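**Student:** Quick one, fold the following:
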Amino acid sequence: MKNEFKTEIVETKQPIKIYGIIFGILYLLANFYLFLYDKENQNIYLKYLSLIILLFGAYFIFGESFKKPKVVGIFKITEKYISINLDGIENKIGIKEIESIFLKYMGYGSLTTHSIYGNKNYLKILKKNGENYNFEILLRDKKMKNEFKNVLNNIEINEKFNFTKINNSKTEF
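**Tutor:** Numbering: from 1, shown residues only. Next up, the predicted model:
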């Protein structure tokens, strides 16, 4: 059996922190105004504005997990090489050329995690000549995670591989 794993290299949008802080404050104020403030003294326009803010909040809390991340390339690992195809340019790295490979593991995609498409799993590959590659890969489900794990355990890159769990990861690697 030939050990091989293939997945997508993706790019997810990073939220702008200042907008998140402002929207979070507005969200808290809207909740306060709708549910804690005296109902008889509420302005009808502020009440509808607060309701709109709550609906936008629900979209950002639940709807963001249904957005598919932008695919920018393909990552493939075999017994002899690692192939990184970014924007149509393919780089093949021999296993013997690799100094280390490091995975920041968040989890795989499911309805109970942040995204149904896969979470932010960052892979860093450092070559012996000092060149390095940093990118985000998708692990769509538990089966795909186990395939990746099996490939890493069965080839000679195992001694060069290391990983860490991101703090809010709910699944083991």
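**Student:** So, low pLDDT: which residues of the chain?
**Tutor:** Judged by pLDDT under 70, the chain has its weakly predicted residues at 1-2, 62-65, 109-119, 155, 157, 163-173.
**Student:** now with 80?
**Tutor:** The chain contains residues with pLDDT under 80 at 1-3, 12-16, 20, 60-68, 105-120, 152-173.
**Student:** How about the spatially most central residue of the chain: what's its closest non-neighbour residue?
**Tutor:** Centroid-nearest residue in the chain, with C-alpha atoms, centre = their mean: residue 120, separated by 1.7 Å. In space, residue 120 comes closest to residue 106 once its chain neighbours are excluded; the distance is 4.9 Å by C-beta to C-beta, 6 or more residues apart in numbering. In this view, the C-beta of every residue, glycine as well, is placed from N, C-alpha and C.
**Student:** ok, and residue 140, which helix or strand is that part of?
**Tutor:** For residue 140, there is no host helix or strand (DSSP states H and E).
**Student:** Let me know whether it touches residue 107 as I believe.
**Tutor:** No - between residue 140 and residue 107 there is no contact under C-beta atoms under 8 Å: 11.0 Å.
**Student:** Comparing the two, which residue is more hemmed in?
**Tutor:** Ranked by neighbour count (other C-beta atoms under 10 Å), residue 140 and residue 107 place residue 107 first, with 24 against 17.
**Student:** Give me the phi and psi angles of that one.
**Tutor:** phi 140, psi -180 (degrees, to the nearest 10).
**Student:** Over to residue 124?
**Tutor:** Taking degrees, to the nearest 10, you get phi -120, psi 120 for the backbone angles of residue 124.
**Student:** Relative to residue 75, how far out is it?
**Tutor:** Using C-beta to C-beta, to the nearest Å, residue 124 is found at 12 Å from residue 75.
**Student:** Show me which of these two is the more surrounded one.
**Tutor:** Using other C-beta under 10 Å, the more surrounded residue of residue 124 and residue 75 is residue 75, with 23 against 14.
**Student:** Go ahead and report the secondary structure state at the more buried one.
**Tutor:** strand (DSSP: H, G, I helix; E, B strand; the rest coil).
**Student:** beta partners of it?
**Tutor:** Judged by DSSP bridges, the bridge partners of residue 75 are residue 7, residue 84.
**Student:** That one contacts residue 10, correct?
**Tutor:** No - using C-beta under 8 Å, residue 75 makes no contact with residue 10, being 9.8 Å away.
**Student:** what touches both of these two?
**Tutor:** Residues touching both residue 75 and residue 10 (C-beta atoms under 8 Å, 6 or more residues apart in numbering) are residue 137.
**Student:** what's the neighbour count on residue 33?
**Tutor:** 18.
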